[in-house]
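> Mind looking at a prediction? Sequence and model below.
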Amino acid sequence: MKKVKLIYNPYSGTRTFPGYLDLFLKKYQSAGYQVDIFRSLQENDLYKGLKNLTDEHQSIIVAGGDGSVNEIVNEMMKREIDLPLGIIPSGTINDFASFLKMPKDYGNCFDALLKNNIKPIDVGQVNDKYFINVCVGGLFSGVTQGIDINMKNTLGRLVYYVNGLKEIPKIQIIPFKIQTSNQTIEEDLFVFFILNSKRAGGFQHLAKFASINDGMLDFIGVKTNQIYRLPTLLMNLMNKKKFSNKNVIYIQDNYFKIDINKKENKTHYANIDGERGPDFPLIIKVHHQAIDMIVNI
């Protein structure tokens, strides 16, 4: 009997996924699978769902948002679990699942997962943690912190934008030192993104050259201190315009070391896949095609 491990966060997004459990069971059992289910009971316990895996397990499916996926990826990397991973996008933003074109309709998503279209993808590492989509530093690194879960589930992605607006009065230029495999840049930035896919925070084309299996990460740094220019800069990025703007740095590399030149700066940590990440300095590298992912692209 082949098995699938289903790990789900019942508190993600609008909390609708539990109502589709029976449909998931029906589709997978009809396809000849025994479904092994783990339900999250509290915050940061999804990793427990990866215990007791056997040779009979064919894949791991996680239902949740970007944070839930990040938790599973971290445990898979640390334990060197070599099974395909599929995502049911039941969270608020679902950036990585959206990039993989996983349908938001649950029935269609289950059908796409059952096709087992597997693609090896890169995984980023920042210090002792892993990320599958994005590492953010500067202005937006604290946007996801302290959001009430009920407000998050009620307002959806709007709550991130509202929280982002609250961060704007705190804007400060941060003197970053950025080392790559072949250059060192000292630049004042108010935000940077290091992306594996093209999208973050619901923005679909933030890194137009990004690929999830090329062994590279895409660095975007915004260095203007004129906050009114930020919407224009982000629109240029999202509309795939050429990166000729003097206020935008775009680098592709497989290694970054990022530190803050003035330690009294208020920014002390990065954000990875929507969750609080490590403190600075950051050492970021790529594990090329480290996880097999079930995709719909």
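Ah, there it is. Numbering: from 1, shown residues only.
> quick one: contacts of stretch 129-136?
The contact list for stretch 129-136 (Cβ atoms under 8 Å, 6 or more residues apart in numbering) reads 66, 69-70, 73-74, 77-78, 95-96, 99, 121, 123-126, 191-197, 199-200, 270-273, 277-278, 282, 284, 287, 291. Every residue, glycine included, has its C-beta placed from N, CA and C.
> if we go to 7 Å?
For stretch 129-136, contacts defined as Cβ atoms under 7 Å, 6 or more residues apart in numbering pick out 66, 69-70, 73-74, 77, 95-96, 123-124, 126, 193-197, 200, 270-273, 277-278, 284.
> Just the CA atoms of it, as CSV, please.
Extracted in CSV, the C-alpha atoms of stretch 129-136 (Å, rounded to 0.1, in the frame of the first residue of the first chain):
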residue,chain,number,x,y,z
LYS,A,129,17.6,28.4,8.9
TYR,A,130,16.2,27.5,5.5
PHE,A,131,13.8,29.4,3.2
ILE,A,132,12.0,28.3,0.1
ASN,A,133,10.8,31.7,-1.2
VAL,A,134,12.3,34.9,0.2
CYS,A,135,14.5,36.5,2.8
VAL,A,136,13.7,40.2,3.6
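> Go ahead and measure how far it is from the middle of the chain.
6 Å (Cα atoms, centre = their mean, to the nearest Å).
> Could you check it and say which residues are buried?
K129, Y130, F131, I132, N133, V134, C135, V136 (16 or more other Cβ atoms under 10 Å).
> Okay, and which of the residues you listed map to strands?
Counting by DSSP state E, those place K129, Y130, F131, V134, C135, V136 in strands.
> From the rest of the structure, what touches the longest helix seen in the chain?
What stands out as the longest helix in the chain, according to DSSP state H, is helix 66-79. Contacts with helix 66-79, where a contact means Cβ under 7 Å, 6+ apart, come from 7, 9, 12, 44, 46-47, 50, 60, 62, 85, 87, 91, 93-96, 123, 129-133, 272-275, 290-291.
> Can you select the buried ones among those residues for me in PyMOL?
Buried members of the contacts of helix 66-79, defined by 16+ other Cβ under 10 Å, are picked up in PyMOL with:
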select buried, resi 7+9+12+46+47+50+60+62+85+87+91+93+94+95+96+123+129+130+131+132+133+272+273+274+275+290+291
